[in-house]
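In: generate coordinates for the sequence data below:
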Amino acid sequence: MGTPYSPPDHRTAPDPPPGDTTSILLGLDAARAALVEVGADRVELLTATGSGQITIQPAFLADGETIARDLGLDSPLDHRMVPPGYTLWSGTRDGLEFQVRGALRQPHGGLL
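Out: Modelled structure (predicted):
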């Protein structure tokens, strides 16, 4: 028999010490600034984690790319295998990882 399998740890930052709210407060401040910049009425769901990740779900997926570009996020990842397909736009802003979900983009010259 071998040693038991232990999955790798994929977190972006170490767990904050118990009672330390600094990282979540920074995330909430960055999330608030993003909402003010893009317009809170365009956002259906926003998640801020203590590990420095902000995820935005637009009210309309078709607005996702525009919201992402407004926030300076320019790294797309297309998810075509999950119906409905979508594009996840990501980047770093205020030292935090931001992600915005958007409608599946069609690359120039591409076929869907």
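In: can you give me the strands for this structure?
Out: Read by DSSP state E, the chain holds these strands, from start to end of the chain: 43-48, 53-58, 75-79, 86-93, 96-103.
In: name the helices or strands packed onto the third one?
Out: Meaning strand 75-79. The contact analysis (3 or more CB pairs under 8 Å, 6 or more residues apart in numbering; DSSP states H and E) places strand 75-79 against strand 86-93. Quick note: C-beta positions are derived from backbone N, CA and C, even for glycine.
In: which regions of the protein sit below the pLDDT cut-off?
Out: 1-20, 107-112 (pLDDT under 70).
In: longest helix of it?
Out: Identified as the longest helix of the chain according to DSSP state H is helix 22-38.
In: name the residues that touch that one?
Out: 13, 16, 43, 46, 48-54, 56, 67, 70-71, 93-94, 96, 98 (CB atoms under 8 Å, 6 or more residues apart in numbering).
In: count of neighbours near Arg69?
Out: Arg69: 15 surrounding residues under other CB atoms under 10 Å.
In: can you report how many residues neighbour Ala62?
Out: A count of nearby residues for Ala62, using other CB under 10 Å, gives 10.
In: kindly apply the preceding question to Tyr86 instead.
Out: Applying other CB under 10 Å, we find 19 residues neighbouring Tyr86.
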